[in-house]
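Engineer: sequence first, then the predicted structure, then my questions.
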Amino acid sequence: MSSAPAASGPGTPDLDIRSARKRYGAFAAVDDLSFQVRQGSFFSILGPSGCGKTTLLRMVAGFIEPDAGDIVIKGVSMRGVPPNKRPVNMVFQHLALFPMMNVGENIAYGLERRGVKAFAAKAKVTDMLRRVGLPGSEGKRIDQLSGGQKQRVAIARSLVLEPALLLLDEPLGALDLKLREHMKVELKQLQAEVGTTFVYITHDQSEALVMSDQVAVMNHGRFEQMGTPQALYYQPQTAFVAGFVGNNNRFEGSIELRNGEQVLLRTASGLALWAQRVGTLDVGQAASLFIRPEAIEIGRSPRELPAGAPAWSATVQSVLFDGGNSTVMVLEDKSQTPLHIALPLTGRLADLNIGEGVHFAYQPAQAWCFKA
Amino acid sequence: MNAVAAHRRWMLALLLAPALLWLVGLVILPHVELLVLSLQARVGPGQYAASLDQYRTFVEEPLYWNTFVRTAVMSVLATALTLLMAFPAAWYIAKVARGRLKMVLLVLCLLPFWVSEMVRTLGWLILLRETGVVSGLLQAVGLANQPVELLYHDATILVGLVYASLLFMVIPLVNSLESLDDSLIEAAYDLGGSTANIVRRIVIPHAAPGIAAGCIVVFMLCLGNYLTPTLLGGKNSLWFTEQIYTQFITRFNWNQGAAFGFLLLFLSSLLVWAGLKLTGQRFGAVMKT
């Protein structure tokens, strides 16, 4: 359901950005950007800090006017519409709950502004608190809540207004790791339950991959690639996406051979690697090659590796134990090139020692080469 | 262990000594003396007896009463006006101005206070008297065809009081507004709040301790001000501090003056207490700003 962009979705897209642009002097925060967000989807914008994602989100919320282009929400142009008149609500990075009001008053604030009668607002607040798993907390003060509870109140405060779009500005950033993992799952469930379109910005790729239907990777004010989390991970279309989404081994060099869609890259230190080319890459061009740590097979002897693929021998430099994400750093013997290789989850190589000799191999179809 | 604790205690006592001496010697002792004086009446040459005569005089003499109430009302009015004028300025300094401009604006607020209060008030005299600058200007542009006397009105006293106390309102307001997270305002705006509503529901509740602190300081300053009402209001000013001055200096009736002093202290404490109660502020929170 998440492979096709908004065009095939039912009705008009909830958010339609048309050539939006915002410059600060010579710096283009958002550079002629167009995209659509399908109704009811969880859409993430993933990018490093300074890539323009916050500017983009604040343009949608109405705090920043675009220099050019248009922002259309549910088919209505938002040009000249102030934030308090837009059918979108935002969950702020530091949540921005009102400390001078209790939980119930926080959630009722937006309803009161719309002129909802007190008893109707009260019923809605009660219902909303139940939906976010905090029934009966109306009377609590904000400073009595834990980090996760604050999060839920902030989301409840926005969702109670039934916005066309809920904008989320890295709201999990302030939480500790354990809670963040938990909130990721919770947020995705909540979104599926309420069916509101979520636009989520983050620099944390794991947040984007776990929660989203669609992810856009943003860099220098433009989208590098937009697609499902799987597409971004397995078919990166630019070197930036390959390097930013997930862990990757990166090699620089020039193309020595081409065989159909596969190219052979030789690094300055002499290591020769086959990979799938992306775009029009040909012999003689400078290129970057990416292989994921988990795409590399590792074994103590060459017999443990799948037959047929080229194999290399290497020496273990360091073992980075991290449970299911454990990797080893090895130096390829001939070229002394460092590589990260994921350890098998079976624990087969858990006793690997520094200085030990190992062998590794990979499928060229799982490596990607981009024009440098 | 014990020796260290004893040493610490001595150090603390030593460090607190100047403040305590100042407090006891210059604040508490004179007030006790004044209290005793106010509760005495002269029964013969050089003879005094305990009595409530001084306070009775205050209650029975309408002039004193009126002056007392008038001083309180005018001070409250001046405080309210100062708050109204200081709030936008403080908002601009705390939330709009950035970097250098912010510093320059704060210094501009402070600058008049490098000149003594006397000189500043005399400056108002030069501006406002019948042959003064404003009067001359009004005649020059044809808005008046004879010299205008702008001094000796209640409004003039208010102008002087507001001018003298603006800084003491701006500083606590700037402090409390600076600590207001901008994203709270944005969040309220995002949730559909209008500007007026955001000011009422978010900004003012957040700045309340600062507002209260500023109001207390300004109110006390106005109530206890002597120079501004006397110079700008002239004989009509009817300020309670003038009554105290008259009793002490002109009439040499220290007992009456002391009673008036205590009544003023009582009045200011009462009004500050009432103000805090009315706005639901706690004194501790207010003093922190």
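Structural biologist: Nice, thanks for sending it over. Numbering: from 1, shown residues only, chains lettered A, B, ... in the order given.
Engineer: any figure for the gap between A:Phe63 and A:Leu95?
Structural biologist: A:Phe63 sits at a distance of 16 Å from A:Leu95 (criterion: C-beta to C-beta, to the nearest Å). Where you see a C-beta, it was placed from the backbone N, CA and C, and this is true even at glycine.
Engineer: ok, B:Trp10 next?
Structural biologist: 49 Å.
Engineer: neighbour count: these two, which is higher?
Structural biologist: A count of neighbours by other C-beta atoms under 10 Å in any protein chain shown puts A:Leu95 above the other of B:Trp10 and A:Leu95, at 21 against 10.
Engineer: test my guess that the more buried one contacts A:Ala154.
Structural biologist: Yes: A:Leu95 lies in contact with A:Ala154 (C-beta atoms under 8 Å); the separation is 4.2 Å.
Engineer: what touches both of those two?
Structural biologist: In the contact map built from C-beta atoms under 8 Å, 6 or more residues apart in numbering or on different chains, the residues linked to both A:Leu95 and A:Ala154 are A:Pro171.
Engineer: spit out the contact partners of A:Asn325.
Structural biologist: Per C-beta under 8 Å, 6+ apart, neighbours of A:Asn325: A:Ala342.
Engineer: so does stretch B:278-289 get close to chain A?
Structural biologist: No: if you take C-beta under 8 Å from any C-beta of the partner chain as the test, stretch B:278-289 misses chain A, and the best it gets is 11.4 Å.
Engineer: next, name the residue at the spatial heart of chain A.
Structural biologist: A:Ala208 (3.0 Å; C-alpha atoms, centre = their mean).
Engineer: try chain B
Structural biologist: Centroid check for chain B by C-alpha atoms, centre = their mean gives B:Leu221 as the closest residue, at 2.2 Å.
Engineer: who are the contact partners of that residue?
Structural biologist: Counting by C-beta under 8 Å, 6+ apart, B:Leu221 makes contact with B:164-165, B:168.
Engineer: for the one helix or strand B:Leu158 maps to, packing partners?
Structural biologist: In the assignment (DSSP states H and E), B:Leu158 maps to helix B:154-178. For helix B:154-178, the contact count by 3 or more C-beta pairs under 8 Å, 6 or more residues apart in numbering or on different chains; DSSP states H and E identifies helix B:62-91, helix B:100-110, helix B:117-128, helix B:204-223, helix B:227-233 as packing neighbours.
Engineer: just put these in CSV and tack on mean pLDDT.
Structural biologist: Formatted as CSV, the helices and strands packed on helix B:154-178 follow (pLDDT from 0 to 100):
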stretch, mean pLDDT
helix B:62-91, 94
helix B:100-110, 90
helix B:117-128, 88
helix B:204-223, 92
helix B:227-233, 89
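Engineer: would you format those helices as CSV with distance to A:Ala121 included?
Structural biologist: CSV is the format used below for the helices and strands packed on helix B:154-178 (distance: least, C-beta to C-beta, whole Å):
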stretch, distance to A:Ala121
helix B:62-91, 30
helix B:100-110, 40
helix B:117-128, 52
helix B:204-223, 19
helix B:227-233, 50
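Engineer: nearest to A:Leu331, of the ones you listed?
Structural biologist: helix B:100-110 (54.0 Å; C-beta to C-beta).
Engineer: how far does the closest one sit from the chain's center?
Structural biologist: Between the centre of helix B:100-110 and the centre of its chain there are 22 Å (C-alpha atoms, centre = their mean, to the nearest Å).
Engineer: same check, this time on stretch A:142-149
Structural biologist: For stretch A:142-149, the distance to the chain centre is 26 Å (C-alpha atoms, centre = their mean).
Engineer: just the C-alpha atoms of that stretch, please, in CSV.
Structural biologist: What follows is stretch A:142-149, C-alpha atoms only, in CSV (Å, rounded to 0.1, in the frame of the first residue of the first chain):
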residue,chain,number,x,y,z
ILE,A,142,2.6,19.3,33.6
ASP,A,143,5.6,18.9,35.9
GLN,A,144,4.1,15.8,37.4
LEU,A,145,4.3,14.0,34.1
SER,A,146,7.1,11.7,33.0
GLY,A,147,8.8,12.3,29.6
GLY,A,148,6.6,9.7,27.8
GLN,A,149,3.4,11.1,29.4
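Engineer: mind listing what's buried along it?
Structural biologist: Residues A:142, A:145, A:148-149 are the ones in stretch A:142-149 that count as buried (16 or more other C-beta atoms under 10 Å in any protein chain shown).
Engineer: closest to chain B out of those?
Structural biologist: For these, the minimum distance to chain B (C-beta to the nearest C-beta) is 11.1 Å, reached by A:Ile142.
Engineer: can you tell me which residues contact the closest one?
Structural biologist: Shown in contact with A:Ile142 (C-beta under 8 Å, 6+ apart): A:97-99, A:101-103, A:106, A:150, A:153.
Engineer: ok, and which of those residues reach chain B?
Structural biologist: The subset of the contacts of A:Ile142 within reach of chain B, counting by C-beta under 8 Å from any C-beta, consists of A:97-99, A:101.
Engineer: list buried residues within the contacts of A:Ile142.
Structural biologist: Buried subset of these (neighbour count, 16+ other C-beta under 10 Å): A:97-98, A:101-103, A:106, A:150, A:153.
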